[in-house]
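>>> Below are the sequence and a predicted model; questions follow.
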Amino acid sequence: MRTKRKRPLPLLAAGALLLALCAQQPSSAAAAAADKTDALLPPVGSALVEAGDGRWSEAAADTETFAALWREAKASEADPELAGPAAKVDAALAEASKALQAGGGAPAKAALSTLAGAVDAYVTAAAADGGQGEAAGPEAAAKLLPAADRAREAAGRADWDAARKAYSDIAKGWTAAEQAIRQGNAALYGQLETKMSLLRIALQAEPVRADAAKTQAESLYRLLDDYSAGRTAAAAAESSGAKTPTIDSLIASLQKAKTAVQGSDAAAAAAVMETFITDWPSAEGKVQVASPSAYTYIENESAAAAGYLESSPPKLEKAAQSIDGMLAKLTPLAGESSYTAWDAALVLLREGMEAVLVLAALLAYLKRSDSPQARKWVWSGAVSGLILSLALAAGLTYAVSLASAGGTREAIEGITGLVAVVMMLFVSRWLHAKSNTQAWNRYVGRQVEGALAKGNLWSLFLISALAILREGAETTIFYAGMAPSMKTSQLLTGISGALAVLVLAAYAVITLSAKLPIGLFFRTASLLIYFLIFRFLGESIHALQVAGSVPAHTSEALPSISGLGLYPTWESQLPQAVLLLALLFGFLRSRLFSAPRAAE
């Protein structure tokens, strides 16, 4: 579920050398530290399991156990690089303890999910910093075997209390073992997760689904036993031709289950939920990266919902609450934004054409003013502006790449998109003021006349450089928002196509003195800008929702069209509606004010 942090090659080499030198003299201090860190995960996993079943006193006890282990682990760890992750664990622990003391419920589940994410981040950071690797997949599976064997035996003799206790032990150990198993054999990992969920469902049902519990307990044990013994054939994918589940398909399953629950068809809803649970491991990775809290919540609630549905009588109201909660968590992560070569070309073509027109107007005015010696200042400024634009693009790309990890990537994408929205609103206002040829010529003429009158040719250099830099900066901002959501091939194709058109346009305008319909160009560009503003606004808020920075309240009444930046959340569509009203008001206002002038 989590991607292991990559270490620099020199550090890996040094670590390998150190291990070779000390193979016969293991560090007891390092081993003790690793043991203390690994011991943090099981009680948190157990607390999540207990919270999922509504056993708040047990969840509180597990949290207290974790708190004691945490104080011990933190006291023995003096690495300043772990101060940040440790502070997040402290804050999450305080919030979880407070919520549990208040009686549990949804706030406690959310707080425990946050705590689990913080502890996982701390353990991952500690392992990467200390060079401690996780147990190999088969070794991790072997640690789960005793509890799985107890669950199998208890289910065989219908001792359901003992079976639940054994399952709880499996869940506690799974938190520490799952990463190693997934890295060792992803197909097996998915099967194990599914079997564990189905076993939990059978044990949670009232009354217990005895046959299903025995079958799933036996299957779970066999999978672990085969893998730990090196019989990896059992981990082969069950269906290589099946379509890979996606977040959108998971949402569709939940909606189908919800419809069945609303129709009081518990059997159909339970069947859909089992399909959801089977599909979940194939799509959970993106959910975990985008929103750890959503991932943990769904892991618990999917099994709980299925258990409610398979009880006798079915607990439809509780199942509906769980399904609604999962939909609320998953919906903001759906409808992944994707831009095409046309979008990339549109941005560069519009911004580049503006730069071409600026240069053409400057050079034409200098020609009419009989100032050919000033042309080199214009060209020098243009080249300088282009170089600065490329440097800005490289710097921003590098900064975004450093910050773009997990939920941070989505936050950066959202913030960048909102900056692009503000910039485009500013540009659209400027374009509207220049939407006719006479206004455009007056604007350029004033700039050049001022520079020539003062005899300051550096002003021409600055006008040209700033014109190119402004368009380059806008293009960079737009691409920074688009690039994470489009294929590199699409981006390069769009840029190449736009550059070819711009070269031809520049040659036609500057060298051949061809006349371009400036007014039509600016009016068309304004419409395209309005479309991009609308889409960027929706995409940016959606990205912030994925990062967990903005809440998401979904509604089936809201349309969902990712190509238009429309996502079914009130937080994204209300600002878009306000934007449309503002644009409509501006259009009507301009029409009303232009009508009297046209009549004069």
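Sure, I can see it.

>>> which other helices and strands contact the helix or strand encompassing W377?
W377 is part of helix 375-403 when elements are defined by DSSP states H and E. In terms of contacts (3 or more Cβ pairs under 8 Å, 6 or more residues apart in numbering; DSSP states H and E), helix 375-403 is packed against helix 341-368, helix 407-433, helix 457-482. Where you see a C-beta, it was placed from the backbone N, CA and C, and this is true even at glycine.

>>> Out of these, which gets the lowest mean score?
Here the lowest mean pLDDT among the helices and strands packed on helix 375-403 goes to helix 407-433, at a mean of 64.

>>> Below-threshold pLDDT in the stretch 501-600 of the chain: ranges please.
Low-confidence segments of the stretch 501-600 of the chain, defined by pLDDT under 70: 513-522, 525-526, 529, 546-548, 554, 556, 562-563, 590-591, 593-600.

>>> which stretches of it form helices?
Ranges of helices within the stretch 501-600 of the chain are 518-546, 570-599, based on DSSP state H, counting those that start in this stretch.

>>> And the helix holding W377, what's buried?
Buried residues in helix 375-403, counting neighbours by 16 or more other Cβ atoms under 10 Å, are found at 377-378, 381-382, 384-386, 388-389, 392-393, 396, 400.

>>> Quick one, grab the pLDDT at K434.
pLDDT, K434: 51.

>>> Three-state assignment for G103, please.
Each residue gets one of three states, and G103 gets coil by DSSP: H, G, I helix; E, B strand; the rest coil.

>>> Count the neighbours of A268 for me.
16 (other Cβ atoms under 10 Å).

>>> surely it meets A260?
Yes. Assessed by Cβ atoms under 8 Å, A268 is found in contact with A260 at 4.2 Å.

>>> right, and T340 touches L491 too?
No. Between T340 and L491 there is no contact under Cβ under 8 Å: 9.4 Å.

>>> what about those two, which has more around it?
Legend: neighbour count by other Cβ under 10 Å for T340 and L491, higher for L491 (19 against 16).

>>> Quick check on the spatially closest residue to A210 that is not a sequence neighbour: phi, psi?
Distance criterion Cβ to Cβ, 6 or more residues apart in numbering; nearest residue to A210, sequence neighbours excluded, is A158 at 6.3 Å. Dihedral pair for A158: phi 60, psi 30, per degrees, to the nearest 10.

>>> would you list the buried residues of helix 375-403 in JSON lines and tack on distance to A176 and pLDDT?
What follows is the buried residues of helix 375-403, written out as JSON lines (distance: Cβ to Cβ, whole Å; pLDDT from 0 to 100):
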{"residue": "W377", "distance to A176": "68", "pLDDT": "79"}
{"residue": "V378", "distance to A176": "66", "pLDDT": "79"}
{"residue": "G381", "distance to A176": "62", "pLDDT": "83"}
{"residue": "A382", "distance to A176": "60", "pLDDT": "84"}
{"residue": "S384", "distance to A176": "57", "pLDDT": "89"}
{"residue": "G385", "distance to A176": "56", "pLDDT": "84"}
{"residue": "L386", "distance to A176": "54", "pLDDT": "84"}
{"residue": "L388", "distance to A176": "51", "pLDDT": "86"}
{"residue": "S389", "distance to A176": "50", "pLDDT": "81"}
{"residue": "L392", "distance to A176": "46", "pLDDT": "78"}
{"residue": "A393", "distance to A176": "44", "pLDDT": "75"}
{"residue": "L396", "distance to A176": "40", "pLDDT": "68"}
{"residue": "V400", "distance to A176": "34", "pLDDT": "58"}
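
>>> of those, closest to P146?
V400 (47.4 Å; Cβ to Cβ).

>>> what is the mean pLDDT for the helix or strand containing E72?
Element membership for E72 (DSSP H and E) is helix 56-75. Per-residue pLDDT over helix 56-75 has a mean of 83.

>>> buried residues in that helix?
Applying 16+ other Cβ under 10 Å to helix 56-75 flags 56, 58-63, 65-66, 69-70, 73-74 as buried.

>>> what's the spacing between A319 and A270?
9 Å (Cβ to Cβ, to the nearest Å).

>>> cool, and A86?
42 Å.

>>> who's more crowded, those two?
A270 (24 against 19).

>>> The more buried one and E310 touch, don't they?
Yes. Counting by Cβ under 8 Å, A270 touches E310, with 5.1 Å between them.

>>> Quick check: closest non-adjacent residue to A269.
Closest to A269 by Cβ to Cβ, 6+ apart is A260, at 3.7 Å.

>>> tell me the contacts of L349?
If a contact means Cβ atoms under 8 Å, 6 or more residues apart in numbering, then L349 has 498, 501-502 as its contacts.

>>> can you pull the buried residues of the strand or helix carrying I495?
Assigned by DSSP H and E, I495 belongs to helix 488-506. In terms of neighbour count (16+ other Cβ under 10 Å), helix 488-506 has its buried residues at 490-491, 493-495, 497-498, 502, 505-506.

>>> repeat for stretch 317-328
For stretch 317-328, using 16+ other Cβ under 10 Å, the buried residues are 318-328.

>>> In this structure A51 contacts A110, no?
No. In this structure, A51 is not within contact of A110 by Cβ under 8 Å, at 9.8 Å.

>>> neighbour count winner among those two?
A51 (29 against 18).

>>> which one is the more buried one nearest to, not counting chain neighbours?
A59 (4.5 Å).

>>> can you check L491 too?
In space, and not counting its chain neighbours, L491 is closest to A344: 5.1 Å by Cβ to Cβ, 6+ apart.

>>> who's in contact with the one you found?
Contacts of A344 (Cβ under 8 Å, 6+ apart): 479, 482, 486, 490-491, 493-495, 498.

>>> picking that back up, settle this for me: the residue nearest to A51 is touching V44, isn't it.
No. A59 lies out of contact with V44 (Cβ under 8 Å); the separation is 10.2 Å.

>>> what residues are shared contacts of these two?
L112.

>>> hmm, back to that, in helices, which of the buried residues of stretch 317-328 fall?
Among the buried residues of stretch 317-328, DSSP state H puts 318-328 in helices.

>>> do you know how far the nearest residue to L566 once chain neighbours are set aside is from A270?
Excluding the flanking residues, the one nearest L566 by Cβ to Cβ, 6+ apart is P559, at 5.4 Å. The spacing between P559 and A270, counted by Cβ to Cβ, is 31 Å.

>>> Secondary structure element holding E193?
Going by DSSP H and E, E193 is part of helix 186-204.

>>> what comes up buried for that helix?
187-204.

>>> Report the mean per-residue pLDDT for that helix.
84.

>>> Pull the contacting residues for the residue nearest to A269.
266, 268-269, 272.

>>> and what of L392?
So L392 contacts 469, 472-473, 476 (Cβ under 8 Å, 6+ apart).

>>> any idea where the helices of the stretch 1-150 of the chain begin and end?
Using DSSP H, counting those that start in this stretch, helices in the stretch 1-150 of the chain cover 9-21, 28-38, 41-52, 56-75, 83-101, 106-130, 137-156.

>>> Output the ones you listed as TSV; include the columns distance to W280.
Below are the helices of the stretch 1-150 of the chain laid out as TSV (distance: least, Cβ to Cβ, whole Å):
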stretch	distance to W280
helix 9-21	34
helix 28-38	26
helix 41-52	15
helix 56-75	23
helix 83-101	24
helix 106-130	16
helix 137-156	19
